Every structure is written in structure tokens, then in C-alpha cells.
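>>> Need coordinates for the following:
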Amino acid sequence: MHGAQAPSAWVRRWSHLVPAGGSVLDVACGQGRHLRWFAQRGHTVTGVDRSPEAIAAVQTLGRAVLADIENGPWPLDGERFDAVVVTNYLWRPLLSRIVQSVAEGGVLLYETFAAGNESVGKPSRPDFLLQPGELLQAGQGLHVVAYEDGFCDRPERFVQRLAAVRKRPGPSVPPPRYPLDATG
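A predicted model of the protein is given here:
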């Protein structure tokens, strides 16, 4: 069961960038592996998914929104979150909406399949595979803390990953520090 899986190593690695007690949105949350991770760390969580089964599985963790975000309106219009998490999901028409949902000082944690994955398995359709640099381009306007585009061998897959922060407006003295690991 997807919800029983461990959170993504990428999400775990960069979750220290989420402000303490901050709000977290998980887009296409599935059975809630990332909602559980953040809820256990004291964050308020919101999950959105089109599957009634997925929403039923996560409704005790926080706010659970049943919505077909590919064919209907964005259900969280105007809302901003201290973290927006997306894993194993790509719907290009929503990329700008997802980035807009990151609050000032908030973080976008995104990890999904990339071109090349068709050579090792599914997804294999170009509609579901990021092109080189596409995730970086989608995150324009955010401060990129970490980005990867490459091949993983356990399990075999091609991925792009992004951890990016929306800076707070105005001058920062000293400049903000975005630790590259949880220990700082």
C-alpha cells in the first residue's frame, strides 16, 4: 500500500526547510505517506487527491480535499502553504499553480519521473516525463536550494528533484541560510 511506504528520501532530506509548525500541502497525496511524515512532526497538513479511497485514508491526518485537479478547478485557489510537496505526479497545466501555492518563506519539494524513464519502465509516456531542466524552469522565481536530474538504480528510474524556497520580500541581513542538511 502506497500510504504505508516510507516517505521519499528527497522529501525527508529537505523537510528541515519547512518552517516549524508550518502548513504543508501534498498534491496528489495518494494514501498519505508524506502527510503522515509531516503530521508526525507537528505540521498542519492538507492533502488533495481525486481518489475517494485516498481521501478516506488521510482524512484523520488533517484536511483532506477530494478534487479532480486535472479536469476541474483548483480547489485551493488563493491559499498559500509553508510547504508544497509533489512526488511521482506531473500535470503540466498545474505547475504554475503549484509554485504559486508556496508561501513567502515556504518550500517546494518536488520529485517525479523524467525523460529516459521510458527505457526502464513506467511511466513511459512523454506526457508524464519531465524534459531536461523542466522542473528548474517551473520553479523560476524561487531560490533553488537543491536540484537533481538523473538516474536512480533502486528501483531503476529517471527522476528530477527540486527543493526551492520562496524568499521573503525585502532585504535580508544577514542573507537567509538554507542548510544543505538537517544538522545545519
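>>> Find the centremost residue of this protein, please.
The centroid of the chain falls nearest to Val85 when counting by C-alpha atoms, centre = their mean (2.1 Å).
>>> Could I get the average pLDDT for stretch 177-184?
For stretch 177-184, the mean pLDDT works out to 76.
>>> Then stretch 149-166?
Averaged across stretch 149-166, pLDDT comes to 92.
>>> any idea how far Pro93 lies from Val120?
27 Å (C-beta to C-beta, to the nearest Å). Yep, even glycine has a C-beta here, placed from its N, CA and C like the rest.
>>> Pick out whichever of the two has more residues nearby.
Using other C-beta atoms under 10 Å as the criterion, Pro93 and Val120 rank with Val120 on top: 15 against 9.
>>> Now the more buried one. Nearest residue, chain neighbours left out?
With sequence-adjacent residues excluded and distances taken as C-beta to C-beta, 6 or more residues apart in numbering, Val120 is closest to Glu156, at 4.3 Å.
>>> Phi and psi next, for that neighbour.
Main-chain dihedrals, Glu156, degrees, to the nearest 10: phi -60, psi 130.
>>> next one: Val99
In terms of degrees, to the nearest 10, the main-chain angles of Val99 are phi -60, psi -40.
>>> For the chain, which segments are assigned as strands?
23-27, 44-49, 63-66, 81-87, 102-113, 143-153, 156-165 (DSSP state E).
>>> so the first one versus strand 102-113, what angle?
Interaxial angle, strand 23-27 versus strand 102-113 (axes from the mean of the first three to the mean of the last three C-alpha atoms, to 10 degrees): 30 degrees.
>>> In terms of secondary structure, what does strand 23-27 contact?
helix 33-39, strand 44-49, strand 81-87 (3 or more C-beta pairs under 8 Å, 6 or more residues apart in numbering; DSSP states H and E).
>>> Thank you, goodbye.
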